[in-house]
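my questions concern the predicted model and sequence given below.
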Amino acid sequence: MFVYFIFINFCLFSINFADDPNRLPTKCEVCKLLTQELTENFQQHNSPSVIETSYSFDDKQPKKTKYSDSETRLIETLENVCERFLRYNVHAERPGSLRYARGRSQTMDTLWNLRNKGVKVVLDVPDTMWDAPSAEITQLKKYCEEMLEEQEESIEQWYFDKKVRNEISLEKYICEDRVLKNRDSSCLREVYEPSNDEDIKAQSKGDMGKADL
């Protein structure tokens, strides 16, 4: 029990020290995450079907358009895209923009595992709020909404120009060439690589899964 007590206090120290509650998402981080979410959404809304859209003045038949090129797809993709950030958590153990990701952080995952084993873990908030979006994540969502409103026309230009869409990524078109032009864009080159601890944890879960079969 004494060992658990020391470990929990170490975890709490890590949370209070590493996860700075005053840290706000940078413009680079917001743009990177927004374009990543949009790109992922576009891939999800990528049906090869043909849909009927508006009637033209000259024709009595509705106009048919590929769904993948339609305004409908664009609207569905933009709709509530910033809400998706409420599924994110702050992973304070990761650097820069990589701190924002879905799933629990290593620290919170450890605390949940200890709690589930019967160890008493005391934080400043009840355990029902442990997985609630933090103030930093709420701010990330707000910045996303502001940037989406500012860049909506540019996103539409990229989307409806099929040649540009096929040749230039949305991240480059919006972030590098517009939002972050002549600004620091180094976060765009940050790529997540799992740590050794995460690799061991993933393998451990896989072994447990095999044992249960």
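Thanks, I have it.

could you pull up phi and psi at Y192?
Main-chain torsions, Y192, degrees, to the nearest 10: phi -80, psi 130.

contacts only, for it.
Applying Cβ atoms under 8 Å, 6 or more residues apart in numbering to Y192 gives the contacts 94, 98, 101. (Glycine included, C-beta is placed from N, CA and C.)

in PyMOL, select just the buried ones from those.
To isolate the buried members of the contacts of Y192 in PyMOL, using 16 or more other Cβ atoms under 10 Å:
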select buried, resi 94+101
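
so which of the contacts of Y192 are in strands?
Counting by DSSP state E, the contacts of Y192 place A101 in strands.

from the contacts of Y192, pick the one nearest E83.
Nearest to E83 among the contacts of Y192: A101, at 16.4 Å, using Cβ to Cβ.

confidence-wise, which of the contacts of Y192 comes last?
The lowest pLDDT within these belongs to R94, with 87.

distance check, the closest residue to N46 other than its chain neighbours against G96.
Excluding the flanking residues, the one nearest N46 by Cβ to Cβ, 6 or more residues apart in numbering is S68, at 5.7 Å. Counting by Cβ to Cβ, to the nearest Å, the separation of S68 from G96 is 33 Å.

equivalent analysis for P194, please.
16 Å.

higher neighbour count, these two?
Between P194 and G96, counting by other Cβ atoms under 10 Å, G96 is the more crowded of the two (14 against 10).

thought the more buried one was touching C187?
Yes - using Cβ atoms under 8 Å, G96 is in contact with C187, at 5.5 Å.

overlap in contacts, those two.
Applying Cβ under 8 Å, 6+ apart, one finds that G96 and C187 are jointly contacted by E29.

model confidence for the nearest residue to V50 once chain neighbours are set aside, exactly?
Of all residues not flanking V50 in the chain, K64 sits nearest, at 5.2 Å (Cβ to Cβ, 6+ apart). Per-residue pLDDT puts K64 at 82.

and K64, helix, strand or coil?
What DSSP: H, G, I helix; E, B strand; the rest coil gives for K64 is strand.

burial check on it, number of neighbours?
Number of residues near K64 (other Cβ under 10 Å) recorded here: 10.

again, but for V81
The burial count for V81: 17, using other Cβ under 10 Å.

any idea of the pLDDT on it?
With respect to pLDDT, V81 scores 96.

enumerate every residue touching it.
By Cβ under 8 Å, 6+ apart, the neighbours of V81 are 34, 37-38, 41, 144, 148.

just give me the least confident of the residues you listed.
Within the contacts of V81, N41 has the lowest pLDDT, namely 93.
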